[in-house]
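Asker: from the sequence below, what's the structure:
(2 chains)
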Amino acid sequence: MAALLRPARWLLRAAAAPYLPLSLRLLAGGPGRPHAALCLRAARARPVAGGLLSQARLHSIAAEKKNYLQEEPTSSHRRNASQFDWALMRLDNSVRRTGRIPKTLLQKVFDNTCHSGSAGGNQALLLLRSCGSLLPELKLSERTEFAHKIWDELQKLGTVYDVSHYNALLKVYLQNDHKFSPTDFLAKMEKGNIQPNRVTYQRLIAAYCNMGDIEGASTILGFMKTKDLPVTEAVFSALVTGHARSGDMENAENILTVMKEAGIEPGPDTYLALLNAYAEKGDIDHVKQTLEKVEKSDLYLMDRDLLQIILSFSKAGYPQYVPEILEKITYERRYIPDTMNLILLLVTEKLEDTALQILLACPISRESSQNDFGSFFLRHCVTMNTPAEKLKDYCKKLKEAQLHTSPLQFTLQCALVAQKLDLAKVLMKALKEEGFPIRTHYFWPLLVGHQKEKNVQGIVEVLKGMHEIGVTPDQETYVNYVFPCFDSIKSVRAVLQENGCPHDDNVFSQAELRSKAVNGNLDYILSFLESNTLPFSFSSLRGSLILGFRRSMNINLWSKITELLYKDGRYCQEPPGPTEAVGYFLYNLIDSMSDSEVQAKEEHLRQYFHQLKEMNVKIPENIYRGIRNLLDSYHVPELIKDVNILVEREKTDSRKPSSSDLESKLEKLKAENQPIGDILKQLILMLCSEENMQKALELKAKYESDMVVGGYAALINLCCRHDNAEDALNLKREFDRLDSSAVLDTGKYVRLVKVLGKHGKLQDAINILKEMKEKDVLVKDATVLSFFHILNGAALRGETETVKQLHEAIVTLGLAKPSTTLSSPLVTLYLEKDDLPAALESTIDCYEKYKILPRIHDVLCKLIEKGETELIQKAMDFVSQEQGEMTMLYDLFFAFLQTGNYKEAKKIIEVETLEKLVEMTQKLFECDRDQLYYSLLKLYKVNDDWQKADAVWNKMQEENIIPREKTLRLLAEILRNNNQEVPFDVPELWYEEEKDCPTSLPSPVEVNLQQGLLNACHRRRNKDAFNIFLTAKKQNIVFDNETYARLINLLLMKDNSTQAMQVKDFAETHIKGFTLNDAANSLLIITQVRRDYLKDALTTLKTALDLDQIPSRLAVTRLIQACALKGDTESIHDIQKLVNGLEDSIGLSRMVFINNIALAQIKNNNIDVAIESIENMLTSENQTVDPQYFGLAYLFRKVIEGQLEPALEKISIMAERLANQFAVYKPVTDLFLQLVDSGKVDDARALLQRCGAIAEQMPILLVFCIRNSQRPGKAPVMKSLLELIPELIDKEEAYTCLMKSYVFDNDVTSAKALYESLTAKNVKLNDLFLKRYAVLLKNAGESVPFTEPPESFEFYAKQLKESKETHL
Amino acid sequence: MAASAARGAMALRTNIGRPVAFVRKIPWTAASGELREHFAQFGHVRKCTVPFDKETGFHKGMGWIHFSSEEELHNALQQENHIIDGVKLHVQPQKPKALQGDQTSDEEKDF
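Answerer: Numbering: from 1, shown residues only, chains lettered A, B, ... in the order given. Sure thing, here's the model as predicted:
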């Protein structure tokens, strides 16, 4: 999940794509495919001081997660775990996005942790590790201070520290160049009863080395050696630094040679240490030489390594060499955050000139001309108080370089945010010089700070600054930012005068007025308006007045003020005059209120209007109409008549006739037989406006022949308003008969549809819709909305058919698009009836028809409410299938939230993040380091290998991985099972153990194939298994690591190395970092040896050892032997070096090398060399192998087998000489035995005669017997031996072995002879012997001359063994 | 649930026919005065608001321009680039609110 779970440098490998919006981030795969070669270096430990950080790319989930978490009052474990997730997420996001953590963020996470009252071990680790180079914007000392604060506070909270915390602290010290005493540190650990581990020592060495204290480093190194801890490249790199800092460059260089001698090739880290060392000395020549050397080697320095060198040069005071290194930087996109962090760090270190140099060298900005580059630099310069003049210069340079379009403005903004008045003034002056205007609001951020602290002096300073720049404070400046700082406006005026702050009285007074208005102080406003002498325009007061009115409910004052404005010559007299001005004011007053406010103040407003009426205040009719519309939309039409009384009647048409006038006029005309059409229409319209339907209809019936379309239109509308479908429809028909081409207003059609639909006249309604289409009636947004209301109304009434048919007609006619809104009534219909299956069906139906999912959220909510799990499943399946899993999860998430199921909602976000994010990171980074180690640990648990598990714990610290709790728990389990101490605080379990494979959900096909393959492996069916592999390969299905490993093992075991390699190649190209495990590599070596691919086998061995694997003894031995037979001495020496130090783990005897090297030499005809070296080994003072164990049997056998007569002769002479002159009898005895073993009994006898002491080498002889008795076909050898050395028969071990051998080979005759000779000697034979002999006789059909011991072989074997032990 | 749908429709209706442009990405250097000045070229700006955050003294980069007519708003929206202080603004119509039926009437027509 998280960047910080992985070592930061691992993340580095991913390309940066930092500006994706959140939603995209979740989905983005991203182009980061790390280079394989770089990945091997992923584990580079880097104890370089002040090291640059790492960075990565992003992905994340919404920060809101926190809120859900807080709503859960569950156990503290859960809270801690959630807390950790949250903290991790926040910090992780930052690191991914920018490669750094802002101090404020770390502080926030820390505060939050403290606030929660407890912190788990891994959370402490997370916080501590954030205090190093991830904080480039902080001074080194501040970072360490921060770390110490965290350390102490968390300790107080009861956090238990283990070695990983101490190691993390050490790392922080190193990154922060913190000077400390390593001995004190160790003492502190000891006091805390914490055992230091390899990583601790490594870092302490680095600490000494950073101080140039080689002696100190050596002490620790010695300590490591006594503890048998491996010395890694990291230690050597530190030593390079150490020597260099102690002034001894020669020895620093020498370290590389020492390393090579110790079998460790210097890697990039070592070279980087050397490069930094030279850089610190300002030795550009050596830096260049070393860089060339690295370039020529197959090593590779990354941009960030070069940046490190730049840092070293700069810090040491050699900025002049920076450009030379800059030239070498490739500026890969993914290193841009690193570069930015270096720039920040340099600014922090007051090396801002160098920082600018690097910034200007960055090629990124020119590509994207739109985005300004360098803002981060300018901002940090401002924070770090870079001198203003310098900043001005930087701005100029950035602009010249076309990196930034408005650097001055940006820097000014930063200065304002940081409230740096002096800097801001300099920058404003610079802007002004360049012809940019300086605006009043530039000063507001400066005032805000002082205002919060009520710092009058500060305010005065800013106001003076404004004056200095030539900016006059405006009303808003005073009201919002100056006045709040003072107790009264009077005191403001006084202070300003006192301090010589010039101010415009007019502006000031208006500000004062506004400020009073804001407080609802209408008394003041009234008296001000009465006494005011300044020339104010009414419009400039309007805003303030409205505010004041709304904050005061004193209607009398409202009216008095309005009257004053209306009547006083100072205010509203200019055109358009008081009527307009006050009318507009009333409109604005109501407009500024919300509908609920107007509703609440209805009575006040009514009172106000009536008072105005009494004061004879008038408003124009057009403004009245506006107010009427407002009141209508606010649903307070009751107020309309009260406003109406203010209308300026003089201007309205008072000569309008009444309806009765018109009617009598109509009758008169009719009587006179005059045309009445016009007057009839007029009358009908009037009746309509009077809502007199009855009368209008009567009139129409009476004068039907004189009706015109206009009259019908009005009548139709009237009937619709009165819900009179019958008449409306009839009128419409008459209207059509009158003029079939006549078109009604859109609104009237819609109203007709509504009424007809409502009264079940569906077909008529549909016909109206059709007519709309045919006559091409204008359909506006409002019309569509009306359609929705028609449908929705019908849905609420449960009129299924109406909804369906009208919707269908509207959509198919193309009157409106089937939008989610328009279609929602189709679902509402069922939701209202609580018919959830139908509702869901309807939603799905809409999707199938129109690709919309109306009301899916409501449907889900209801389903959740009712607990309809099956339907939820159905809905989810549908959504996820049609719109993808993400949409489905979001839908479900919000539905859970809506219904108050926070736990479930949270679960979804967890599943979602885990699955999606892990899947994504897998694609990006191919693996999650913690997860990787977790899997590894699982393997170790199966193997019960606590040592390796412990090594993993060390490695994780080295790589700076913060382990998850489950990883820690697993580790603890392995250690405990093996009675080992657990060196950390084990987090308690609070949730169900995760399943083995929580990260991705493979498809069923994959699962089946994989299962089939594993089954085939289990049944050792290599062909079946391989075929499944081929099938999967064809379908591009990739299995997990383990599956491939199993398959490869099986194939190798079946000696099918070609197929095994095919599988290996596929796995390697499809699974990042796929490697064969120990067993597979060993098998591979054996197979390769068998096929005589010795070079390949050697490579395999190297690979395995590089992976810290332990190859099997058999594999190594076979390889060595094969080399020996080829006479390849060199390869054997190589192998010896490779496995150096691992001999015991592999179980490899030194003799393997001695025998085989000698053999190889002999094969090369270097017999004398071989013999001389063996002799030397056996006779020299410091023998590496005890002569007792100096077994050369293998060599002898091979020489005898190979019939290498000259060699055999010389060897024989050597063996005899060793025996006779040095009393070393082992070689000669071995030679004797090998001669016997090879059937060269005569040679053996001759040797025995020359060297009688052989017969006295009982232990050697007995071992030979025992070994041979375990193999079949050795009876003749044993017989020969007994013949040569008859005294052997007196030894119980010997005769037991002899019998065993005879039994093995079914040699009844020899067995009988042995038994008889033994009984003749009265030897007391043990039961095992007798049992064996008896069984042999019985099987041969012979009688047993004694009572056969009744128990089993095992019984007697055990008995014999026990009796021997008691004897001892 | 049905209520929520109805409420949505209601909200649509409130801002009837108000030609308002919603402006985002206003540079910090510009305030309502600058916006008003810029948008005046497209018509009469009845009202122009750029709210400032009283906590920081900066505005939040958003503002509203109230024009007198749809046409003026349309003019403003027609222009592709709106640049103030070298920064390109994002201008869009305030979410089109539903309109009430236009009152031009067939009743007044003499067919």
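
Asker: switch to C-alpha atoms for all contacts and neighbour counts from now on
Answerer: Fine.

Asker: chain B contacts on chain A?
Answerer: Chain A has residues A:409, A:413, A:417, A:439, A:441-442, A:444-448, A:480, A:633, A:685, A:708-711, A:713-714, A:742, A:744-745, A:747, A:781-783, A:785, A:796, A:828, A:832, A:858 near chain B, with proximity defined as C-alpha under 8 Å from any C-alpha of the partner chain.

Asker: buried subset of those residues?
Answerer: With burial judged by 16 or more other C-alpha atoms under 10 Å in any protein chain shown, the buried subset of these is A:409, A:413, A:417, A:439, A:441-442, A:444-448, A:480, A:633, A:685, A:708-711, A:713-714, A:744-745, A:747, A:781-783, A:785, A:796, A:828, A:832, A:858.

Asker: quick one: contacts for residue A:415?
Answerer: Taking C-alpha atoms under 8 Å, 6 or more residues apart in numbering or on different chains as the criterion, residue A:415 is in contact with A:382, A:421, A:423, A:424.

Asker: neighbours of residue A:1207, how many?
Answerer: A count of nearby residues for residue A:1207, using other C-alpha atoms under 10 Å in any protein chain shown, gives 23.

Asker: quick revisit: out of the residues of chain A next to chain B, name the ones that lie in helices.
Answerer: Helix and strand membership here follows DSSP state H; of the residues of chain A next to chain B, those in helices are A:409, A:413, A:417, A:444-448, A:633, A:685, A:709-711, A:713-714, A:747, A:781-783, A:785, A:796, A:828, A:832, A:858.

Asker: where does pLDDT dip in chain B?
Answerer: Scanning chain B for pLDDT under 70 picks out the ranges B:1-17, B:95-111.

Asker: tell me where it has helices.
Answerer: According to DSSP H, the helices that chain B contains are B:2-14, B:32-39, B:70-78.

Asker: can you pull the buried residues of the last one?
Answerer: Of the residues in helix B:70-78, those buried by neighbour count under the rule 16+ other C-alpha under 10 Å are B:70, B:72, B:73, B:74, B:76, B:77.

Asker: and those residues, which is closest to chain A?
Answerer: Each of these was scored against chain A by C-alpha to the nearest C-alpha, and residue B:70 proved nearest at 14.9 Å.

Asker: surely the closest one touches residue B:19?
Answerer: Yes. Taking C-alpha atoms under 8 Å as the definition, residue B:70 is a contact partner of residue B:19 at 5.0 Å.

Asker: to what extent is whatever residue of chain B ends up closest to chain A buried, counted in neighbours?
Answerer: Closest to chain A within chain B is residue B:57: 4.0 Å, counting by C-alpha to the nearest C-alpha. A total of 22 residues lie near residue B:57 under the criterion other C-alpha under 10 Å.

Asker: again with residue A:1217
Answerer: Applying other C-alpha under 10 Å, we find 18 residues neighbouring residue A:1217.

Asker: which helix or strand contains it?
Answerer: Element membership of residue A:1217, judged by DSSP states H and E, is helix A:1205-1222.

Asker: so what touches that helix?
Answerer: Taking C-alpha under 8 Å, 6+ apart as the criterion, the residues outside helix A:1205-1222 that touch it are A:1162, A:1167, A:1171, A:1175, A:1179, A:1196, A:1199-1200, A:1224-1228, A:1231, A:1251.

Asker: now it: how far from the chain's centre is it?
Answerer: Relative to the chain's own centre, helix A:1205-1222 is displaced by 70 Å; criterion: C-alpha atoms, centre = their mean, to the nearest Å.

Asker: which parts of that helix are buried?
Answerer: Residues of helix A:1205-1222 classed as buried by neighbour count (16+ other C-alpha under 10 Å): A:1207, A:1208, A:1211, A:1212, A:1214, A:1215, A:1216, A:1217, A:1218, A:1219.
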